[in-house]
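In: when you get a sec, could you give me coordinates for this:
(one chain, ligands or ions: 1)
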Amino acid sequence: MSDLTLIYEGKAKTLYQGPASDEIFIYFKDDTTAFNGEKKEIITQKGEINFQISRLIFKYLEKNGVKTHYLKPVDERTILAKKLDIIPVEFVIRNIAAGSVLKRIPVKQGFEFKSPIIEYFYKSDEMGDPMINPYHIEACNLCSMENLMTITEKTFRVNHLLKSLFDKCGIILVDFKLEFGIDSQNNIMLGDEISPDSCRLWDKVTKEVLDKDVFRKGNGNIVDKYKKVLERLQEELNDKSQSLC
Ligand code: UDP
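Out: Residues are numbered from 1 along each chain as shown. Model (predicted):
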């Protein structure tokens, strides 16, 4: 990757210019961060596993009619993707209560919501990703109301598809975060990654935590947990194209 043009270095991924002007290479790093970058560690193999999980999930979503930035794998931790103008909003869906929502509403961890909740957060490390609502989003020109409604609908559709996929893997999809952007043809596309770094995933039977909360809380090695997620997805989606070392 050293001879490529760097576009952006993020906390867990690095973006390089792709072969066409509207394409990028996304390189999944082993860097793991939490609490807005306050806790940091390099965890060997994490990038490779998240690359494989994201690749499988994006392929599954594309198969089910969700337009994503994913084009193809390049090596064991890089994908080629469409370049998007990313909307600076994180779209979070919650099926089960966990994490930051527990500070806002009177329910206990593990409470199953009657219907999924969507929340919007302004993407800003400086401001600590504050929660915002559709009026903030439109009034501050972060995204048009029309696009926001389209994305909200897509986010619920992704939740429906992922909940059912993870359920077949014996995993509860507790919550997750999506990012969307606009491509050079003005299409709204799902971007970023979908992995245990951006989802809460619990084993259906044992309730074992299989996501980044293990790192956030210092409860062990995330690689073992992420591997379990990958192996179950590979089995369910019948994909053994990249086996784990
Ligand atoms: N999330 C994320 N990136 C962020 C914030 C949250 O991927 O910058 C994911 C997180 O992993 C979880 C969901 O979004 O699956 C909801 O996160 P929450 O608002 O509960 O924040 P947290 O407790 O993770 O700080």
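In: C-alpha only now, for contacts and for neighbours.
Out: Noted.
In: what's the pLDDT at the residue minimising distance to the centre of the chain?
Out: Centroid check for the chain by C-alpha atoms, centre = their mean gives Ile194 as the closest residue, at 2.9 Å. Note on Ile194: pLDDT of 98.
In: list the contacts for it?
Out: Contact analysis of Ile194 by C-alpha atoms under 8 Å, 6 or more residues apart in numbering lists 50, 53-54, 57-58, 177-178.
In: SS state for the residue lying closest to Leu210 once chain neighbours are set aside?
Out: Excluding the flanking residues, the one nearest Leu210 by C-alpha to C-alpha, 6 or more residues apart in numbering is Lys225, at 4.7 Å. Assigned by DSSP: H, G, I helix; E, B strand; the rest coil, the conformation of Lys225 is helix.
In: from now on call the first residue 239
Out: Sure, I'll start numbering at 239, so the last one becomes Lys463.
In: what's around Lys463, how many residues?
Out: Counted by other C-alpha atoms under 10 Å, the residues lying close to Lys463 total 18.
In: could you do Ala258 as well?
Out: Here the count is done by other C-alpha under 10 Å, and Ala258 has 9 residues near it.
In: what's the answer for Glu431, then?
Out: Counted with other C-alpha under 10 Å, residues neighbouring Glu431 total 24.
In: surely it is in a helix?
Out: No. Glu431 is assigned coil when assessed by three-state DSSP, not a helix.
In: relative to Asp421, how far out is it?
Out: Glu431 is 16 Å from Asp421, where distance means C-alpha to C-alpha, to the nearest Å.
In: what element comes up after the longest strand along the chain heading to the C-terminus?
Out: Counting residues, the longest strand found in the chain (DSSP state E) is strand 350-360. Moving toward the C-terminus from strand 350-360, the next helix or strand (DSSP states H and E) is strand 369-370.
In: does that next one reach the ligand?
Out: No. Figure legend: strand 369-370 not in contact with the ligand (C-alpha under 6 Å from any ligand atom); closest approach 8.6 Å.
In: most surrounded residue in the contacts of Ile432?
Out: The residue in the contacts of Ile432 with the most neighbours, by other C-alpha under 10 Å, is Asn288 (27 neighbours).
In: list of residues touching the helix ranked longest in the chain?
Out: Secondary structure of the chain per DSSP state H: the longest helix is helix 383-406. Residues from elsewhere that reach helix 383-406, judged by C-alpha under 8 Å, 6+ apart: 299, 304, 329, 331, 354, 356, 372, 375-376, 410-411, 416, 418, 426, 442, 471, 474.
In: same question for stretch 355-364.
Out: The contact list for stretch 355-364, computed with C-alpha under 8 Å, 6+ apart, reads 274, 326-333, 367-372, 390.
In: which non-adjacent residue is nearest Ile317?
Out: Nearest non-adjacent residue to Ile317, counting by C-alpha to C-alpha, 6+ apart: Pro311, 4.3 Å away.
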